[in-house]
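Engineer: from the sequence below, what's the structure:
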Amino acid sequence: QVQLVESGGGLVQAGGSLRLSCAASGRTLSAYSVGWFRQAPGKEREFVTAISRGGNMTNSANSVKGRFTISRDNVKNMAYLQMNSLKPEDTAVYYCAASTTAWASSQPSVYLQWGQGTQVTVSS
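Structural biologist: This is a model prediction of the structure:
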């Protein structure tokens, strides 16, 4: 099983940027598609963006299109989430997840491995 650890969260002002990292260990990340999800207090976990196993396809929620970019470096066994033009409504715990499916799915049920999450807080 692959293990995932997120990092890079923090407090940022609205309009600012953060880059989240997802470090994989135990197995090569190239065998997995990767997704980012988030959960705000009192809300259900929601899909943010995902990247296919080969890195040639991405899928993003409408709320983050044009602002967030997912990428991966299979040599380094890492995935990233670049977040620009952050808004207070982006405040949440962000999770990376890995799936053995090849495509960039938005469905949490296909992701069997999850990190512990990293807090992102955007102040207005």
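Engineer: where do the strands sit along this protein?
Structural biologist: For the chain, the strands defined by DSSP state E occupy 3-7, 10-13, 18-25, 33-39, 46-51, 58-60, 68-73, 78-83, 92-99, 113-114, 118-123.
Engineer: mean neighbour count for those strands - can I get that in JSON lines?
Structural biologist: Any C-beta I mention is one placed from the backbone N, CA and C, and that applies to glycine too. Listed next are the strands of the chain as JSON lines, based on neighbours: other CB atoms under 10 Å:
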{"stretch": "strand 3-7", "mean neighbour count": "17"}
{"stretch": "strand 10-13", "mean neighbour count": "13"}
{"stretch": "strand 18-25", "mean neighbour count": "19"}
{"stretch": "strand 33-39", "mean neighbour count": "24"}
{"stretch": "strand 46-51", "mean neighbour count": "22"}
{"stretch": "strand 58-60", "mean neighbour count": "17"}
{"stretch": "strand 68-73", "mean neighbour count": "19"}
{"stretch": "strand 78-83", "mean neighbour count": "22"}
{"stretch": "strand 92-99", "mean neighbour count": "24"}
{"stretch": "strand 113-114", "mean neighbour count": "18"}
{"stretch": "strand 118-123", "mean neighbour count": "17"}
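Engineer: tell me the contacts of the spatially most central residue of the chain?
Structural biologist: Compute the mean C-alpha point of the chain, and by CA atoms, centre = their mean the closest residue is residue 36, 2.4 Å away. Neighbour list for residue 36: 20, 22, 48-50, 68, 70, 79, 81, 94-97 [criterion: CB atoms under 8 Å, 6 or more residues apart in numbering].
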